[in-house]
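Q: no sequence on this one, just coordinates:
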């Protein structure tokens, strides 16, 4: 079955700690995205990548970093510079930037 | 930036009734997409409608697009309890590589 896998489902971060959220897809999609969702709100774009070894900042990139070393993988690091990291993080992919996006089931990040 | 705005914010209907929600946006688009999100899960793509299209159907779903009014509507006919979810519209501008999502409409279908 093709799809997107996000792990872990729940993650806790201590003050001053960096944490990395995993996103893997086996859909052979070129484009991948990271979104943040806060309660009762829509999705806000953190970073996106149109192709391997290339990525661009979205609307709220401060305090986050990404890499795209493999087509299948697009990990997101939430750094200690992100002062309000508690949120639901969603990863998505699409064949190209025009088409529909396929989403993983998210990682919920909380602060200890 | 958030371009789409859904209306209403929340909707409660009886099973079997129709549900209609609207999306308004501010700038020109290449396409508009509707997604569904069940509680605690990722989004699922429902329908994509291009700027030169006026209406699309998929099963019990009907989407309309009026580019002159910069608005779209999603109609769910003969609703079921399983339709209980949040519904989001997302727009892509002509030169954009990304989607802009609205805040969503939460639909509750009562048995």
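A: Yep, it's here. As the structure is a prediction and not an experimental result, all values here were calculated from the model.
Q: all strands of chain B, in order?
A: Read by DSSP state E, chain B holds these strands, from start to end of the chain: B:5-7, B:10-14, B:19-24, B:31-37, B:43-50, B:55-58, B:61-66, B:71-76, B:85-92, B:100-101, B:105-110.
Q: dump the ones you listed into a markdown table; add distance to residue A:3 and mean pLDDT as well.
A: The C-beta positions use only the backbone N, C-alpha and C, and glycine is treated the same way. Shown next, in a markdown table, are the strands of chain B (distance: least, C-beta to C-beta, whole Å; pLDDT from 0 to 100):
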| stretch | distance to residue A:3 | mean pLDDT |
| --- | --- | --- |
| strand B:5-7 | 27 | 88 |
| strand B:10-14 | 29 | 96 |
| strand B:19-24 | 27 | 97 |
| strand B:31-37 | 16 | 96 |
| strand B:43-50 | 11 | 97 |
| strand B:55-58 | 20 | 97 |
| strand B:61-66 | 22 | 98 |
| strand B:71-76 | 24 | 98 |
| strand B:85-92 | 19 | 96 |
| strand B:100-101 | 21 | 92 |
| strand B:105-110 | 25 | 97 |
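Q: and chain B, which of its residues are near chain A?
A: For chain B, the contact set with chain A under C-beta under 8 Å from any C-beta of the partner chain comprises B:1-2, B:4, B:30-31, B:33, B:40-45, B:48, B:88, B:90, B:92, B:96-99, B:101-104.
Q: for the strands of chain B, give me TSV that also has mean neighbour count and distance to residue A:4.
A: Listed next are the strands of chain B as TSV, based on neighbours: other C-beta atoms under 10 Å in any protein chain shown; distance: least, C-beta to C-beta, whole Å:
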stretch	mean neighbour count	distance to residue A:4
strand B:5-7	18	24
strand B:10-14	14	28
strand B:19-24	20	25
strand B:31-37	23	14
strand B:43-50	19	11
strand B:55-58	12	22
strand B:61-66	18	23
strand B:71-76	20	24
strand B:85-92	25	17
strand B:100-101	24	17
strand B:105-110	18	24
